[in-house]
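Colleague: test case, fold it:
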Amino acid sequence: MGTTERGSSTTGPISRRRVLALGAAASASLLVGPASMARTYAANTKIRFALIGVGGMGSKGVAVASGEQIVAAADVDTAVAADGLRTITSQFPGVKIYTDYRRLFDAERGLDAVWIATPDHQHFPIVVRALEAGLAVYCEKPLCHDIFEARKLRDMAAARRVPTQMGNQGHSGEHVRLICEWIWQGSLGDVTEVHVRPPYNEMDSGSRSAGEAARVPVALDWDVWQGPAGAREYRTGIHPKGWRGWIDYGTGLMGDWFCHNADGAVWALRLNEADTCEVECEGEAPGPTNWPHDVRVSWMFPQRAGMVPCILRWSAGTFHDAPMPPTVDPRRVAAVAPYPTAYFGTTGMAVSGLWMDGARLFPETFMREVGRPRRVLPRVAGHEADFLQAIRTGGRSSADFDYSARLTEIMLVGNVALLVRERLHYDFRAGRFTNSDRANHLLKRNPRAGWDAGYA
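Modeller: Numbering: from 1, shown residues only. From the prediction side, this is the model:
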């Protein structure tokens with residue numbers, strides 16, 4: 001896969017006026033961009049959806065697509081997906097139901113869009129099939145499982161020029177835009193550190209346990225569920241929850257929350273435009289099959305266009321939040337955001353909560369002094385509505401794969417550091433680590449035969 005050019009680097013001081021201009025340019029590039037190759041639709045024309053994964057998070061896809069037209073759906077577990085399948089078949093009597101999404105793509109024609117809500121390890125081959133068919137794609141976060149996959153999907157989406165969206169819902173909200181505008185307008189001075197504190201739930205964010213051998217549930221197609229991952233016996237603590245903690249299937253606690261809570265740092269500080277970074281981790285080691293939870297991961301980014309070098313820290317489990325400045329009461333911050341993302345600048349700090357919500361400046365006197373930033377970013381009606389609008393108009397959604405694949409790639413670089421346990425140097429231009437063969441071995445999975453779409 002070829003390299004992708006990043007934003008140009010700069011040297012020397014850059015004025016606040018220049019930063020603001022750069023921010024406005026960034027907003028335009030993210031939300032306008034080249035026209036899509038997909039057809040556009042009259043306002044009353046229904047978008048024809050296929051849904052892959054209709055249980056759990058897939059219920060949102062069912063709700064959104066029910067306002068359009070659902071043509072087909074696929075799920076590997078008819079018991080877990082029973083409510084979603086019942087809703088679909090009651091509203092769309094002619095809908096086709098599959099357990100293997102490959103059969104869906106082989107059989108269905110005339111689709112417009114695909115909504116994907118499966119475990120992380122299945123995202124890539126499904127998105128590949130959808131993009132190859134020229135369909136608009138909504139994929140829950142994180143976009144994929146491996147670094148190779150993130151880069152391949154970004155390139156494929158750019159070549160196909162169809163509407164895409166990742167399910168980091170806070171990216172379409174008001175509060176992430178406030179963070180961007182405060183930072184771009186120089187309200188915080190130079191932001192040199194951002195600390196992200198995720199919530200933790202063992203079942204949602206991934207089990208540490210390798211489980212025990214068990215009988216495959218009657219309604220589950222276990223072979224299809226495993227997809228491109230290596231075949232293994234069925235074990236407890238994987239399906240329907242807990243899979244995120246398995247290295248083969250999920251992307252761990254970071255995969256669960258990074259694309260939500262670190263989104264503001266990546267967007268506002270233009271980390272997605274960095275040419276390189278260094279990354280290291282400390283804390284709990286991974287198990288033979290499962291991701292660790294009690295860890296701190298630190299990414300060190302060099303100067304980007306208009307931005308000074310900065311550190312992004314992820315502190316989970318027993319690792320605590322960053323200490324607040326003497327002028328800031330931590331209790332006041334906790335009242336606004338129990339799991340804060342804190343942006344530390346040379347003249348002030350900002351905080352946001354889960355899904356980038358509750359953005360505000362601290363201390364309160366600083367918030368009153370600065371007030372709301374001048375609006376430079378377009379607002380959108382909502383994350384799912386933004387995707388539907390992109391399909392209807394042939395435009396771009398706010399978290400399309402050009403942006404969200406880069407956001408996911410940064411997270412996945414951190415996950416490789418969790419496995420290798422070395423200070424790593426990563427080259428975003430080449431998509432490789434420059435100082436570790438072990439790390440480069442983890443860039444791309446070796447898929448099972450029959451599940452290798454897109455891996456060549």
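Colleague: which residues are in contact with the closest residue to M349 other than its chain neighbours?
Modeller: Nearest non-adjacent residue to M349, counting by C-beta to C-beta, 6 or more residues apart in numbering: F362, 5.3 Å away. For every residue, glycine as well, the C-beta is placed using N, CA and C. Contact analysis of F362 by C-beta atoms under 8 Å, 6 or more residues apart in numbering lists 324, 328, 332-333, 348-351.
Colleague: give the next helix or strand downstream of the lengthiest helix in the chain.
Modeller: If you go by DSSP state H, the chain has its longest helix at helix 401-420. The helix or strand immediately downstream of helix 401-420 is strand 424-427, counting by DSSP states H and E.
Colleague: how distant is the helix or strand just after that following strand from the center of its chain?
Modeller: For strand 424-427, the succeeding helix or strand toward the C-terminus, using DSSP H and E, is strand 432-433. On the basis of C-alpha atoms, centre = their mean, to the nearest Å, strand 432-433 is displaced by 20 Å from the centre of the chain it belongs to.
Colleague: residues contacting strand 432-433, please?
Modeller: By C-beta under 8 Å, 6+ apart, the residues outside strand 432-433 that reach it are 416, 424-427, 439-440, 443.
Colleague: can you list the strands that that strand pairs with?
Modeller: Partners of strand 432-433 in the sheet, by DSSP bridges, are strand 424-427 (antiparallel).
Colleague: and stretch 249-257, how far from the chain's centre?
Modeller: Computed by C-alpha atoms, centre = their mean, the chain-centroid distance of stretch 249-257 equals 10 Å.
Colleague: what mean pLDDT does that stretch get?
Modeller: Per-residue pLDDT over stretch 249-257 has a mean of 95.
Colleague: stretch 290-300 now?
Modeller: For stretch 290-300, mean pLDDT is 95.
Colleague: any idea how this protein splits into domains?
Modeller: Per the record, the chain has its domains at 1-33+173-228+238-379+399-456, 34-170+384-398, by automatic domain parsing.
Colleague: tell me the most buried of the ones you listed?
Modeller: Most buried of the domains of the chain by mean neighbour count (mean count of other C-beta atoms under 10 Å) is domain 34-170+384-398; its value is a mean of 21.
Colleague: ranked by average pLDDT, which of the domains of the chain falls at the bottom?
Modeller: When these are ranked by mean pLDDT, domain 1-33+173-228+238-379+399-456 comes last with a mean of 88.
Colleague: pull the residues that contact the helix or strand encompassing V71.
Modeller: Using DSSP H and E, V71 falls within strand 69-74. Residues from elsewhere that reach strand 69-74, judged by C-beta under 8 Å, 6+ apart: 46-54, 62, 84-85, 88, 91-92, 95-101, 103-104, 107-108, 110-111.
Colleague: C-terminal to it, what's the next element?
Modeller: Moving toward the C-terminus from strand 69-74, the next helix or strand (DSSP H and E) is helix 82-91.
Colleague: angle of that following helix against strand 69-74?
Modeller: Here helix 82-91 runs at an angle of 140 degrees relative to strand 69-74 (axes from the mean of the first three to the mean of the last three C-alpha atoms, to 10 degrees).
Colleague: helices or strands up against helix 82-91?
Modeller: With contacts taken as 3 or more C-beta pairs under 8 Å, 6 or more residues apart in numbering; DSSP states H and E, helix 82-91 sits against helix 58-66, strand 69-74, strand 96-98.
Colleague: what about 10 Å?
Modeller: Packing partners of helix 82-91 (3 or more C-beta pairs under 10 Å, 6 or more residues apart in numbering; DSSP states H and E): strand 48-52, helix 58-66, strand 69-74, strand 96-98.
Colleague: nearest to A453, of these?
Modeller: strand 48-52 (13.3 Å; C-beta to C-beta).
Colleague: partners of the closest one in the sheet?
Modeller: Note on strand 48-52: by DSSP bridges, its sheet partners are strand 69-74 (parallel), strand 113-116 (parallel).
Colleague: now those in JSON lines, with distance to S315?
Modeller: Listed next are the strands paired with strand 48-52 as JSON lines, based on distance: least, C-beta to C-beta, whole Å:
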{"stretch": "strand 69-74", "distance to S315": "38"}
{"stretch": "strand 113-116", "distance to S315": "30"}
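Colleague: where do the strands sit along the stretch 251-400 of the chain?
Modeller: Counting by DSSP state E, counting those that start in this stretch, the stretch 251-400 of the chain has strands at residues 276-283, 295-301, 310-315, 341-345, 349-352, 360-362.
Colleague: please produce TSV containing the ones you listed, extended by distance to R374.
Modeller: Converted to TSV, the strands of the stretch 251-400 of the chain look like this (distance: least, C-beta to C-beta, whole Å):
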stretch	distance to R374
strand 276-283	30
strand 295-301	26
strand 310-315	23
strand 341-345	17
strand 349-352	16
strand 360-362	15
